[in-house]
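In: below: sequence and its predicted model.
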Amino acid sequence: MLDAAHYARLGLGTAFEKVMEGARLSPEEGLALFHCPDITAVGALAHHARTRLHGDRTYYVLNRHVNYTNICVNGCLFCAFQRERGQAGSFALAPDDILHRVLDDRGTPFSEVHIVGGCHPDLGLAWFEDVIRRIRAARPQSIVKAFTGVEIAHFAAMEGISTLDVLRRLQDAGLAMMPGGGAEIFAPEVRTRICPRKATADEWLRVAGEAHSLGIRTNCSMLYGHIETFEHRVDHLCRLREQQDKSGGFTCFIPLPFLTENSLLKLPPERVGEHVGLDRLRTVAVSRLMLDNIPHVKAYWVMMGVKMAQTALYFGADDLDGTIVEERIGHDAGADSAQSLTVPELELMIRRSGFTPVRRDSHFNPVADPDAILHDTGHADSPEVRA
Ligand code: MET
């Protein structure tokens with residue numbers, strides 16, 4: 001499969017050699033991978049890189065998502081989740097609602113609470129500090145992974161303090177890790193069209209670097225398949241790679257396909273549905289190959305769909321994310337996946353794809369005794385939840 005002459009014929013000779021040597025690909029090589037007509041050749045190269053890093057292991061995590069509000073001042077054009085305050089369908093969970101969700105483990109105690117939401121005009125930093133402290137007290141066995149760089153920048157603007165101070169305060173309250181959203185596409189000519197009010201690329205990257213400097217590891221992402229070009233994708237990946245060279249705290253990259261339902265961002269007819277499946281696989285593959293300094297690439301089953309996420313495991317992805325339990329952002333945009341997957345479903349999904357499932361914690365450490373977490377119920381059995 002990995003035939004040097006074939007890659008040379010495809011115009012990927014130097015990319016092939018560099019991947020074999022573990023050397024860094026140039027932006028031009030990244031672009032050539034996006035344009036290469038032989039997608040299986042691109043996938044095989046990414047699979048080689050993935051296998052060198054992770055063997056046949058495929059990771060999953062026991063987690064629970066909480067989307068605390070869809071009220072958001074940013075109004076990004078691609079976002080189907082956002083509502084104005086007072087608009088039909090808008091919601092904002094009270095701290096007790098969040099705690100109720102966090103304690104509701106549905107029989108599978110999770111190790112990670114993943115919290116993101118809209119940039120709400122009124123919720124101040126003290127509100128979030130209090131929520132995190134209460135979650136930590138209620139579920140000490142779960143890591144709080146919360147807030148994108150965009151939300152951190154929003155809190156800082158609201159409070160009139162620096163993003164570094166916001167991060168310090170949230171870390172004191174118990175924030176252990178940050179998810180990777182809000183990166184979208186960094187290139188200003190795209191960013192100003194799809195999310196003009198959102199934190200800029202420089203701000204997002206600066207917050208990531210600040211978090212890393214405090215020992216808060218983060219994920220990173222790219223929203224693709226809308227108005228951006230392959231050049232914009234390569235530029236985005238290169239900027240993440242440069243940031244990782246500087247601050248080193250990115251754990252996992254998540255390529256997020258743009259889902260078109262309920263979005264104000266209308267695609268030109270020639271782009272709608274254009275090779276959607278293959279483009280998703282190719283983007284996973286090129287990401288794996290370009291991001292030589294980011295250990296993990298996620299096939300996020302919520303957005304990709306289960307079958308495509310399984311296929312992506314052969315195109316460079318090594319993580320499927322997790323149990324999720326309840327999800328709004330992707331589903332409001334038309335994701336047709338389930339709300340939740342159970343541990344047996346995730347394990348079967350991985351085994352049937354030909355990989356070895358590894359249950360992990362938020363930092364990708366294998367959970368040594370998978371049963372330990374199932375027996376560590378903490379406060380999860382509190383009457384409040386069972387009632
Ligand atoms: N508002 C945040 C962002 O845009 C979190 C995701 S949207 C719920 O990054």
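Out: On my side now, so go ahead.
In: up against the ligand, what does the stretch 201-350 of the chain have?
Out: residue 329 (C-beta under 6 Å from any ligand atom). Every C-beta, even on glycine, is put in place using the N, C-alpha and C of the backbone.
In: quick check: which ranges of the stretch 201-350 of the chain have low pLDDT?
Out: Scanning the stretch 201-350 of the chain for pLDDT under 70 picks out 273-275.
In: show me where it has helices.
Out: 201-213, 230-247, 276-290, 301-304, 306-312, 329-332, 343-352 (DSSP state H, counting those that start in this stretch).
In: name the helices or strands packed onto the fifth one?
Out: Using 3 or more C-beta pairs under 8 Å, 6 or more residues apart in numbering; DSSP states H and E, the elements in contact with helix 306-312 are helix 276-290, helix 343-352.
In: and residue 143, bridged to which residues?
Out: residue 112 (DSSP bridges).
In: residue contacts, it?
Out: By C-beta atoms under 8 Å, 6 or more residues apart in numbering, the contact list for residue 143 reads 111, 112, 113, 176, 177, 361, 362.
In: farthest pair in the residues you listed?
Out: Farthest-apart pair in the contacts of residue 143 is 113 and 361; separation 12.7 Å (C-beta to C-beta).
In: who's more crowded, the two?
Out: residue 113 (25 against 16; other C-beta atoms under 10 Å).
In: confidence score at that one?
Out: What the model reports for residue 113 is a pLDDT of 96.
In: got it, and residue 107?
Out: Confidence score, pLDDT, at residue 107: 78.
In: ok, it - how many residues close by?
Out: Neighbours of residue 107 using other C-beta under 10 Å come to 10.
In: which parts of the stretch 101-250 of the chain are strands?
Out: Applying DSSP state E, counting those that start in this stretch to the stretch 101-250 of the chain gives strands spanning 112-116, 143-146, 175-178, 217-224, 250-257.
In: looking at those strands, which is nearest to residue 302?
Out: Per C-beta to C-beta, nearest to residue 302 of the strands of the stretch 101-250 of the chain: strand 250-257, 9.6 Å.
In: so residue 113 sits against residue 62, correct?
Out: No - using C-beta atoms under 8 Å, residue 113 is not in contact with residue 62; the gap is 10.6 Å.
In: number of nearby residues for residue 45?
Out: Count around residue 45 with other C-beta under 10 Å applied: 28.
In: if we can go back for a sec, just the helices of the stretch 201-350 of the chain: most buried one?
Out: helix 301-304 (a mean of 26; mean count of other C-beta atoms under 10 Å).
In: residues in contact with that helix?
Out: By C-beta under 8 Å, 6+ apart, helix 301-304 touches 256-257, 259, 280, 309, 312, 320-321, 324, 327, 330-331, 335, 337, 341, 349.
In: circling back: minimum distance to residue 251: which of the helices and strands packed on helix 306-312 has it?
Out: Of the helices and strands packed on helix 306-312, nearest to residue 251 by C-beta to C-beta is helix 276-290, at 14.2 Å.
In: where does this protein get nearest to the ligand, which residue?
Out: In the chain, the residue that lies nearest the ligand is residue 182 (2.6 Å; C-beta to the nearest ligand atom).
In: return the residues in contact with that residue.
Out: Taking C-beta under 8 Å, 6+ apart as the test, what residue 182 contacts is 148, 149, 150, 151, 198, 199, 204, 221.
In: tell me which entries of these lie within helices.
Out: When DSSP state H is applied, these are split such that 149, 150, 151, 204 fall in helices.
In: where's the second one relative to residue 194, distance?
Out: The reference is to residue 150. 13 Å (C-beta to C-beta, to the nearest Å).
In: from residue 343, how far out is the most centrally placed residue in the chain?
Out: Nearest to the mean C-alpha position of the chain, by C-alpha atoms, centre = their mean, lies residue 254 at 4.2 Å. From residue 254 across to residue 343, the span is 21 Å (C-beta to C-beta).
In: about what we covered before: neighbour count for residue 150 and residue 194, which is higher?
Out: More crowded of residue 150 and residue 194, by other C-beta under 10 Å: residue 150, with 26 against 21.
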